[in-house]
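> can't give you the sequence, but here's the structure:
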């Protein structure tokens, strides 16, 4: 078995031009060296039926018996003192905060246990909590902790101690909880047949985990025995699929006996609506990395992709070609195959995106140190840490094209409406901002017309335009300049300002500047809008 698996991995890395070991959102081709050819048949534009597709989206069912309220309220709590992190290897001398890490039961039936790392807010006192999730599926939230927004980061290669504190950490705004989920991700573990195969499993296990953690840390996570502190979810990429469903579960279908005070969710480069997001040609054309003619040849496949989605086929070559073909074009010039665009950051020229994000292999090396595993109270039975694990991805890959649009409508318009912030780096291709904007413009909710009519407003810090914002009611869209798939990694100060404003209820980017106050940033904004208007008029939008 081991020899066969190693041979399989060698074929994966050698034969697949898009093989990715580490990524925030992975295509089926990144895990499987050969794609099965889809069933051939003539697909007409009329076969693409968005209403049929959206009506087929997942809706919650009854909670599973093993996640009953009785079990959640009475068993399997943890002792916070036993999970306190007191001797983390490489911790810098200037570290002064409290933090806890370890494993919490998420599924009594299959032995599922989720790994978490919780940091107390830098300034003591009552505070909300940010729950951070990375995507994949199957990619660890330790990426977010060490490479993007957590209190700790890796020191430069060869330096000691191994870690440094991060000045732009999000635990300045709230308690910060990093969770590896679904089971099989990072150190989180389950039995061989216990991997989640659907969203019901994911949200049920997450509430089980969160209720047990909250009752184990009532001083940080509960206002009283029956009510949580304010909760803000945040995450990126495929976490855009998880998070709306988790928020809906906690607000409308909770079984734990806790009233979850979920205030909002910040979704970075989020995968929420495959109908509008599989296509990468619009973003590639806007960035100038493919021509009008090349974009026209590729984008015609979008209708075939949407026809597949309408029929309930959520993994297909037609859909993935809308990104893969763009990357092939960027790699092939003058008849030669060479460097091409990085699907996570179009500014990079790469042979493969599997080395993204930078330093993920160092995170793996650090987390796999025996002394680190001991300090973080990791189960001995937990698997070796990998930035992106295959088993949870394999169990969920069949629903790659399943979106969460009906859930977004409910979160925006429902009786327990929450604030939703979509933020995107402008250089990402795989979850690009034009796909997110198309999705939000088409979203059927009470603020749709207002959102469509809103002009983008520049976010100006100092004398520099750092992004553009659109806002309507409880929905905001922020496009951050000069950043890719992982905005906090590329623009940490801007990301901290963003999340602090989001939690405190302030407008992202502040109030509009007074006339004449923006100096040459206004000229930059005018040029940006001019390019965007010309692009919209080209017929590719």
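Happy to help now that I have it. Computed from a prediction, not measured in an experiment: that's the story for all the values here.
> what is the burial count for the residue lying closest to residue 384 once chain neighbours are set aside?
Distance criterion CB to CB, 6 or more residues apart in numbering; nearest residue to residue 384, sequence neighbours excluded, is residue 368 at 6.0 Å. C-beta: built from backbone N, CA, C; applies to glycine. The local packing count at residue 368 equals 14, with neighbours defined by other CB atoms under 10 Å.
> likewise residue 55?
Around residue 55 sit 10 other residues, with neighbours defined as other CB under 10 Å.
> any idea how far it is from residue 242?
Using CB to CB, to the nearest Å, one obtains 21 Å as the distance from residue 55 to residue 242.
> same check on residue 160?
When distances are taken as CB to CB, residue 160 and residue 242 turn out to be 37 Å apart.
> likewise for residue 468?
Distance, residue 468 to residue 242, using CB to CB: 27 Å.
> what does residue 487 give?
The spacing between residue 487 and residue 242, counted by CB to CB, is 18 Å.
> how near is residue 301 to residue 326?
In this structure, residue 301 lies at 11 Å from residue 326, with CB to CB as the measure.
> neighbour count: these two, which is higher?
Between residue 301 and residue 326, counting by other CB under 10 Å, residue 326 is the more crowded of the two (29 against 20).
> which helices and strands does the host helix or strand of the more buried one pack with?
Under DSSP states H and E, the secondary-structure element containing residue 326 is helix 317-331. Helix 317-331 is packed against helix 28-31, helix 281-287, helix 292-299, helix 301-310, strand 340-342, with contacts defined by 3 or more CB pairs under 8 Å, 6 or more residues apart in numbering; DSSP states H and E.
> other SSEs contacting the second one?
For helix 281-287, the packing partners by 3+ CB pairs under 8 Å, 6+ apart come out as helix 292-299, helix 317-331, strand 345-350, helix 433-442, helix 520-537.
> swap the cut-off to 7 Å and go again
For helix 281-287, the helices and strands in contact under the criterion 3 or more CB pairs under 7 Å, 6 or more residues apart in numbering; DSSP states H and E are helix 292-299, helix 317-331, helix 433-442.
> could I get these as a markdown table with mean pLDDT?
Written out in a markdown table, the entries for the helices and strands packed on helix 281-287 read as follows (pLDDT from 0 to 100):
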| stretch | mean pLDDT |
| --- | --- |
| helix 292-299 | 93 |
| helix 317-331 | 94 |
| helix 433-442 | 97 |
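> will you turn those helices into JSON lines that also has distance to residue 400?
Below are these laid out as JSON lines (distance: least, CB to CB, whole Å):
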{"stretch": "helix 292-299", "distance to residue 400": "19"}
{"stretch": "helix 317-331", "distance to residue 400": "8"}
{"stretch": "helix 433-442", "distance to residue 400": "15"}
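> ok so, going back, quick one: buried residues of the helix holding residue 326?
Within helix 317-331, the residues that count as buried by 16 or more other CB atoms under 10 Å are 317-327, 329-331.
> and which of those is nearest residue 198?
For those, the closest approach to residue 198 (CB to CB) belongs to residue 319, at 19.8 Å.
> out of the helices and strands packed on helix 317-331, which comes closest to residue 180?
Ranking the helices and strands packed on helix 317-331 by distance to residue 180, with CB to CB as the measure, places helix 28-31 first at 18.5 Å.
> which residues of the stretch 401-541 of the chain fall in strands?
Residue ranges of the strands in the stretch 401-541 of the chain, as given by DSSP state E, counting those that start in this stretch, are 419-425, 457-461, 464-472, 475-480.
> now distance to residue 310, mean pLDDT and mean neighbour count too, for those strands, in CSV please.
Rendered in CSV, the data for those read as follows (distance: least, CB to CB, whole Å; pLDDT from 0 to 100; neighbours: other CB atoms under 10 Å):
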stretch, distance to residue 310, mean pLDDT, mean neighbour count
strand 419-425, 25, 98, 25
strand 457-461, 36, 93, 20
strand 464-472, 29, 95, 21
strand 475-480, 26, 98, 24
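> export the ones you listed as JSON lines, with columns for distance to residue 270.
As requested, the strands of the stretch 401-541 of the chain are exported to JSON lines (distance: least, CB to CB, whole Å):
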{"stretch": "strand 419-425", "distance to residue 270": "6"}
{"stretch": "strand 457-461", "distance to residue 270": "19"}
{"stretch": "strand 464-472", "distance to residue 270": "15"}
{"stretch": "strand 475-480", "distance to residue 270": "11"}
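> between residue 160 and residue 242, which one's more packed in?
Counted by other CB under 10 Å, residue 160 and residue 242 do not tie: residue 242 has more neighbours, with 25 against 8.
> now the residue nearest to residue 384: how far from residue 376?
Using CB to CB, one gets 11 Å for the distance from residue 368 to residue 376.
> spatially nearest residue to residue 331 (excluding sequence neighbours)?
Of all residues apart from its sequence neighbours, residue 340 sits closest to residue 331 (CB to CB, 6+ apart), at 3.2 Å.
> over to residue 127?
With CB to CB, 6+ apart as the criterion, residue 127 has its nearest non-adjacent residue at 4.2 Å, and that residue is residue 121.
> next, count neighbours for that neighbour.
Residue 121 is surrounded by 21 other residues when neighbours are defined as other CB under 10 Å.
> these two touch, right, it and residue 129?
No. With contact taken as CB atoms under 7 Å, residue 121 and residue 129 are classed as non-touching, separated by 8.6 Å.
> between the two ends of stretch 192-207, how far is it?
Taking CA to CA, to the nearest Å, the first and last residues of stretch 192-207 lie 22 Å apart.
> and if you look at stretch 310-325?
Comparing the first residue of stretch 310-325 with its last one, the separation is 22 Å (CA to CA).
> ok, now stretch 407-427?
Chord length of stretch 407-427, first to last residue, is 27 Å (CA to CA).
> measure how far that stretch is from the centre of its chain, please.
Between the mean C-alpha location of stretch 407-427 and the chain-wide mean there is a distance of 14 Å, by CA atoms, centre = their mean, to the nearest Å.
> what do you get for stretch 313-323?
Between the centre of stretch 313-323 and the centre of its chain there are 20 Å (CA atoms, centre = their mean).
> please enumerate the helices of the stretch 101-250 of the chain.
Applying DSSP state H, counting those that start in this stretch to the stretch 101-250 of the chain gives helices spanning 142-143, 199-216, 218-221, 239-252.
> thinking again about what came up before, show the pLDDT at the residue nearest to residue 384.
In this model, residue 368 is scored at 97, pLDDT.
> likewise residue 108?
The predicted local distance difference test score for residue 108 is 91.
> burial measure for it, as a count.
Residue crowding around residue 108 was assessed by other CB under 10 Å; the count is 15.
> next one: residue 446
Using other CB under 10 Å, residue 446 has 12 other residues around it.
> again with residue 365
14.
> in which helix or strand would I find it?
For residue 365, the secondary-structure element it belongs to, assigned by DSSP H and E, is helix 360-367.
> show me what contacts the residue nearest to the spatial centre of the chain?
Taking CA atoms, centre = their mean, the centroid of the chain lies closest to residue 236, which sits 2.0 Å from it. With contact taken as CB atoms under 7 Å, 6 or more residues apart in numbering, residue 236 is in contact with 24, 134-135, 268-270, 486.
> next: residue 452.
For residue 452, the contacting residues are residue 441, taking CB under 7 Å, 6+ apart as the criterion.
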